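> Next come a sequence and a model predicted from it.
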Amino acid sequence: MAKMSKTKTMSSKRVKKSSEGSETKKHVVYDEEEERLNEADVNITSEEEEGDDGYNDERKRQKLLEAINALGVQRKKKLAERSEASVYMSDFTVTAEGEGDKMDLSELIVTVDKNPAVPAKTKKQLKNLEQSKKTIECSLSKQESERIQRDVAFQKASTEVSKWKGVIKQNQRAEQLLFPLNQEPTGPKAMERVVTRWKVQTPLEQDIFALLSANKQPINDPILTPAEEASLSAMSLEEAKIRRAELQKARALQSYYEAKARRERKIKSKKYHKVHNKAKRKDFLKQFDEMIKTNPAAAIEELNKVELARMQERMSLKHQNSGKWAKSNVIISKYDKGARKAMQQQLEVNKELTQKLMTSLNNEEEEEVGSPELMPGFVNDTERGLDSSNPWMRGKLSEQPSERIDNLDFTDEGAVVVGNKTEEVNFEEVEETAEEALLREFGHRRKLRLVQEAENMPVIFVDHDNKAAAEYTSNKEEKQLSEFKSLFQVIANSRQDAEAVQADSAEDANQTDSAQLEEGERIRTPEDVEFLSQELSTDEAPVQPQPIQATEKLPSAALKTGKKRKRKRGTELKEVLTTEAKVIQVPIAPAVEDTEDSDEKLEQRGLIKEAFAGDDVISDFLRDKRNQEDAGRPKVVDLTLPGWGEWGGGGLKPSRNKRRRFRIKTVLPPPRKDQHLPSVIISEKRNCSISLHQVNSLPFPFENHMQFESTVRSPVGRTWNTEHTVKKITKPKVITQLGSIIEPMAREELVKNKKL
Amino acid sequence: MKVKVLSRNPDDYVRETKLDIQRVPRNYDPTLHPFEVNREYCRALNATKLERVFAKPFLASLDGHRDGVNCMAKHTRSLSTLLSGACDGEVRVWDLTKRECVRTLQAHEGFVRGMVVRFCGTSFFTAGDDKTIKQWKMEAPGYGEEEEPINTILGKTVFTGLDHHQKDNVLATCGQQVDIWDEQRSSPIRSFTWGVDSFSSVRFNPVETELLASCASDRSIVLYDMRESAPLKKVIMTMRSNTLCWNPMEAYYFTCANEDYNLYTYDMRYLRQPVTVHMDHVSAVLDVDYSPTGKDFVSASFDKTIRIFPKDAGHSKEVYHTKRMQHVICVKWSSDSKYVLSGSDEMNIRLWKANAAEKLGMLAPRERAAVNYSQKLKEKFQHHPQIRRIAHHRHLPKNIYHETKELRTMKEARRRKERNVRKHSKPGSVPVVSEKEKHVVTVLK
């Protein structure tokens, strides 16, 4: 068919050629030759026909004639006769042999009409096809089709290869590459991998292994078969999807729960919460009972948790009627029964929470019996000797020492007054008075301090003078004590301030400093102060003359201050040695050190002066600088040659005119960089020996000199960097394992990269 | 006065055992170290000099062949085994650790043209001038047994090259056409032709294992896919390529050794121009092999030298030569990336260090750290003229030195002339052609 259509096109071309002039002939001939080449590809036998040119020309002419004939004359149907054996034999007595033979579809489908087996539809289609005048396009030549094939194949291959782009880019950018690529991960390996398979020995083992192998089970039990491992390591898409869905669900659930919890927390109804908590507790108890039976270890843990919660409760100020609300309620509760009840409830809650569990109560029961039952928890705390040794347990105490001391006193007093305090109302009253007294006391103190802060300095000064006397009197007589009450009050106040604020302002610092300095001379000052202040605050309380008693009563307080005292003792020596009263007068604390430093400096300066008494460095330097400046200044060069152009000889000078002509002044150099810097000489000479080692042009990958300099500036060595940094910086780019074969990159790398 | 008492924790300065290094307390404050750059520069200079002092790459010469070594093959499973085929058809198996020949066999009549070890390492193939491909067992025959191939394939034409697939039992040979063989069959399962040419070498891509490339005598490099019936693409260069080698770590790069003294690295997807032109040889380049890390390659040349190029650099970083080494015909980079092996005309195989100044064997951790540090220093100061000069200095044989100079002059002259021509002609009529573009004639689809 291909050939047929070709001949058709050829003939049409030939017609074209004849119609066009001789001008285009060349071109057409060229076309024809190409055509012929194509023909040669299609049918190799035709090559033989085109053996020589003479024959060729003759044939061309014949073809041309035929084509011309074919134009005008009606096509005649002629059935070619088979004259010789042919490869192409048609059953329908149609041959495609011979030049200029053309086939029509109609010729082929003549028999269709007669054949009843062919459906009418097909016949119709064929008729339509017959009527259409379009020529069928000839199939592509072998070269062209091959070229297309190659192109497609190349595209395929190049896309396939392009998959590696990511891996390659990543490896090129990588800071360090480890070869071989698929190294086994370091670290512990499964025992079954390390130990070689052990031999089956006993008959029982033999039986078991026979069974195992019969059922195709892995023999080393925890080890998976390779197939299983592979399937485990490679998570399929479905699995991944399932996993993602699970995660999503979990996240959604979590958010629901969070929302629910938030909603519940917002509910203001106390009753709701009470019921809720009760139910929770009940649940918990039930669980706990079960847990004791099933899982004692967990139960113990739970117990510990409860204990911890109790400790926290004891340490916190919660439920102790010490908050803002409680303080305001103190006043209201006098008249309002509800408020009183609320406060009481709180205390009850505290008690409940701080109560030890009955299981571990054996030895502490006695103590509780001994102590007043309805006292706030923290009172118990202060009395407990064990806790006071633990700094964490004392945390609360150290916050407001004075207040606590006072509190304690009041409660003690309360105990004395009320006797055995089983009655609630009584206690409440006591507490009320205590609170009121406390508040009053604070107001009083604040006032005092305000007054005395204004004239702080002189007060301390005076205090210092009177101190020794005060000490004696405090020990001997109580009458004189009252005179110094106010003074000690000041000291105590200032100290408390210092503890609370930790010397925020300079003034405060100064105050505390001075206070400490003072106390330095007396070793047991803080105790005394505390003792005295306590006495001061409790007016009606019986005076306790011995300080030892006080310390016994306040073991925790003493312990707390113990540390402070120690430190003060350390500094005491110094103070005794160096400081006098005048030092205290200096208002700013750091100035003390400054004066010392300046003294030292002066001394050093003197020493240096003494050592370099002989040489005058500064003038030397100035001279040096002047010399350098002079050297840089333009000089006048005299190039006059005596006797050149005029008479020369002894006693004859070159003429002025000539001298003027040949005196050459050099150009002024740019201003020196150090002209405004009196104490610096900047040499602007280029050092040739260094320039040999300097980079004189910007190296390739860098875009500006700043970039390049930044790479050189930071040091690499361990002299300037920490060990870790050095290791990190000097990491080699490629590491190969000694004695191992590095295989070419495998397909698995591609998969690995995709996973990442 | 404040008295500051010196108090030191012995943990800070006492060693736990006497084998530990002394702890040196340091203050890393940069203001205390004003001369750090200068000191490091000094260290870098010293490191560079020492590197040159220790650069002694030549390790051993394996002699035993009675004719020029024409081809070599690395063992795929053993680092210490090397196979070499000579121009008289003799194949020798070498033990590199002992540096001796462990087995000799007369494989072919005439040249052994190609040799390759099967991926499993139990057998190897040789192709020779006697139109046969033979498969041999890797282990030597027992006492009294005759040395004979497992399998012999008779071809119609002479084979000039041979390569084996990375994983399948498929062979590729080249001669008048490129053939793909199944190991078990005596006729090729596929043969590729594209014009009538003779091919000089064929190589499988080690990463994309179905692809292969070959060098043909019509100055072309042809790419194939084993699965397709037709070749993929063909690039024609100004001169003939002798061999090529694929990068084992980067699937689409290959480097070909050309007759015009250069090597060209191509991206197989864009054959229009090479990615890099590697220049330095002063005669035809005969063989090329990539390091297994894919970072460098080694080339053997007719000018009696071996050069090592970084894969993306235009010039070599190392040149190896000895007085007695003649034209180097084949070269291989050992599969642990530590050694280079070269086979040359004068019947010897030479073993070189891939990194000339490297210390062989295990390194103590401190040694390793020192090496890393000096390496980093050299890298940091590589642009400084003195360091650059010392690091780049190589002694070359007189003729190569002069040849290089001459070539440079010629190149300069050519460039100057071109520039002058451009200057004196209509602007745009003499376009600037880059060095990369110069060497590719066409790409045929």
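That came through fine. Numbering: from 1, shown residues only, chains lettered A, B, ... in the order given.
> Can I take it that residue B:335 is in a helix?
No. Counting by DSSP: H, G, I helix; E, B strand; the rest coil, residue B:335 is not part of a helix but coil.
> Neighbours of it, how many?
22 (other CB atoms under 10 Å in any protein chain shown). (Glycine included, C-beta is placed from N, CA and C.)
> For it, give me the pLDDT.
For residue B:335, the model assigns a pLDDT of 94.
> now it, nearest residue through space, not along the chain?
Nearest residue to residue B:335 in three dimensions, chain neighbours excluded: residue A:741, at 4.5 Å (CB to CB, 6 or more residues apart in numbering or on different chains).
> Quick check, that neighbour in contact with residue A:179.
No. Counting by CB atoms under 8 Å, residue A:741 does not reach residue A:179; the two are 9.9 Å apart.
> so what's in contact with these two at the same time?
By CB atoms under 8 Å, 6 or more residues apart in numbering or on different chains, residue A:741 and residue A:179 have these common neighbours: residue B:292.
> Pick out whichever of these two has more residues nearby.
Remark: of residue A:741 and residue A:179, residue A:179 carries more neighbours, 22 against 19, as counted by other CB under 10 Å.
> need the contact list for that one.
A:734, A:735, A:736, A:737, A:742, B:292, B:293, B:337.
> any idea how far the first one is from residue A:157?
Think residue A:734. When distance is defined by CB to CB, to the nearest Å, residue A:734 is 29 Å away from residue A:157.
> Which one's more surrounded, those two?
Taking neighbours as other CB under 10 Å, residue A:734 and residue A:157 compare with residue A:157 leading, 24 against 15.
> Next, find the distance separating the more buried one from chain B.
For residue A:157, the distance to chain B (CB to the nearest CB, to the nearest Å) stands at 5 Å.
> so that residue is in which element?
Under the criterion DSSP states H and E, the helix or strand holding residue A:157 is helix A:142-162.
> One more: residue B:299?
Applying DSSP H and E as the criterion places residue B:299 in strand B:296-301.
> Tell me if that strand is near chain A.
No. Counting by CB under 8 Å from any CB of the partner chain, chain A has no neighbours in strand B:296-301; the shortest distance is 9.6 Å.
> elements contacting that strand?
For strand B:296-301, the elements it packs on are strand B:253-258, strand B:285-290, strand B:306-310, strand B:328-333, strand B:339-344, judged by 3 or more CB pairs under 8 Å, 6 or more residues apart in numbering or on different chains; DSSP states H and E.
> What strands line up against that strand, and which way round?
Paired with strand B:296-301 in the same sheet, following DSSP bridges, are strand B:285-290 (antiparallel), strand B:306-310 (antiparallel).
> Average pLDDT for that strand, rounded please.
For strand B:296-301, the mean per-residue pLDDT is 96.
> Stretch B:74-82 now?
Computed over stretch B:74-82, the mean pLDDT rounds to 94.
> Now do the same contact list for the closest residue to residue B:441 other than its chain neighbours.
In space, and not counting its chain neighbours, residue B:441 is closest to residue B:236: 4.4 Å by CB to CB, 6+ apart. Residues counted as contacts of residue B:236 (CB under 8 Å, 6+ apart) are B:218, B:219, B:220, B:440, B:441, B:442, B:443, B:444.
> if you set the cut-off to 10 Å instead, what comes out?
By CB atoms under 10 Å, 6 or more residues apart in numbering or on different chains, the contact set of residue B:236 is B:216, B:218, B:219, B:220, B:221, B:222, B:271, B:440, B:441, B:442, B:443, B:444.
> How about residue A:681?
If you count contacts by CB under 10 Å, 6+ apart, residue A:681 has them with A:621, A:624, A:625, A:627, A:628, A:629, A:672, A:673, A:674.
> Quick check on those residues: which are buried?
Among these, those scoring as buried are A:625, A:628, A:672, A:674 (criterion: 16 or more other CB atoms under 10 Å in any protein chain shown).
> nearest to chain B, of the residues you listed?
Nearest to chain B among the buried ones among the contacts of residue A:681: residue A:674, at 20.4 Å, using CB to the nearest CB.
> That closest one sits in which helix or strand?
Residue A:674 is part of no helix or strand, with elements assigned from DSSP H and E.
> shouldn't it be in contact with residue A:621?
No. The criterion here is CB atoms under 10 Å, and residue A:674 misses it with residue A:621 at 11.8 Å.
> Find the residues that touch each one of these two.
Taking CB under 10 Å, 6+ apart as the criterion, residue A:674 and residue A:621 both touch A:680, A:681.
> name the helices or strands packed onto the one helix or strand residue B:48 maps to?
According to DSSP H and E, residue B:48 maps onto helix B:36-54. Other helices and strands packing on helix B:36-54, by 3 or more CB pairs under 10 Å, 6 or more residues apart in numbering or on different chains; DSSP states H and E, are helix A:705-713, helix B:365-380, helix B:385-392.
> related to what we said a few turns ago, quickly note the distance from the residue nearest to residue B:441 to residue B:219.
5 Å.
> anything in contact with each of the two?
Residues touching both residue B:236 and residue B:219 (CB under 10 Å, 6+ apart) are residue B:441.
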